[in-house]
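J.: here is my input; please provide its structure:
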Amino acid sequence: MLKPAEPTPPPERPIGELVQELVEEGKAYARAELDLGKAIALAKAKALALPAGLLVVALFLAMAAINALAFGIVLALALLIGPLLGGIVGMLIFAAIAGCLAWFAVGRLRRAL
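T.: Here you go, the predicted model:
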């Protein structure tokens with residue numbers, strides 16, 4: 001009886017070809033990871049666009065409110081002590097408030113660092 005022929009093992013591929021294939025697959029994986037990172041960042045940026053815009057508008061409105069308050073205080077002082085002195089006192093009041101806030105912020109920064 002004839003013996004069936006033993007299958008010959010597939011020819012081994014050269015090491016250079018295997019390394020090149022590995023490098024190409026690594027590059028493709030890196031590109032895919034980079035594209036995924038870009039997609040995630042873009043999705044987060046789109047999700048944050050409206051809230052960030054609303055916060056900017058809120059900041060401008062808060063600044064307008066502070067200006068209106070300052071103007072009202074200066075006008076009230078102007079009736080009591082005159083327009084120029086009322087403006088100076090109003091400026092000193094708000095400068096003192098700003099200085100206290102800055103001093104507090106610097107103290108917190110020093111403690112944090």
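
J.: just the helices in this protein please.
T.: Here the chain has its helices, by DSSP state H, at 15-81, 83-112.

J.: tell me the helices and strands packed up against the last one.
T.: Yep, that's helix 83-112 we're talking about. Helix 83-112 sits against helix 15-81, with contacts defined as 3 or more CB pairs under 8 Å, 6 or more residues apart in numbering; DSSP states H and E. (Each C-beta comes from the backbone N, C-alpha and C, glycine too.)

J.: the helix it packs on vs helix 83-112, what angle?
T.: 150 degrees (axes from the mean of the first three to the mean of the last three CA atoms, to 10 degrees).

J.: quick one: closest of the helices of the chain to residue 4.
T.: helix 15-81 (31.1 Å; CB to CB).

J.: run a quick neighbour tally on the residue nearest to residue 93 when sequence neighbours are not counted.
T.: Counting by CB to CB, 6 or more residues apart in numbering, residue 73 is the residue found nearest to residue 93 once chain neighbours are left out, at 6.8 Å. Neighbour count of residue 73, defined by other CB atoms under 10 Å: 16.

J.: I figured residue 73 hits residue 97, correct?
T.: No - Residue 73 is not in contact with residue 97 according to CB atoms under 8 Å; the separation is 11.1 Å.
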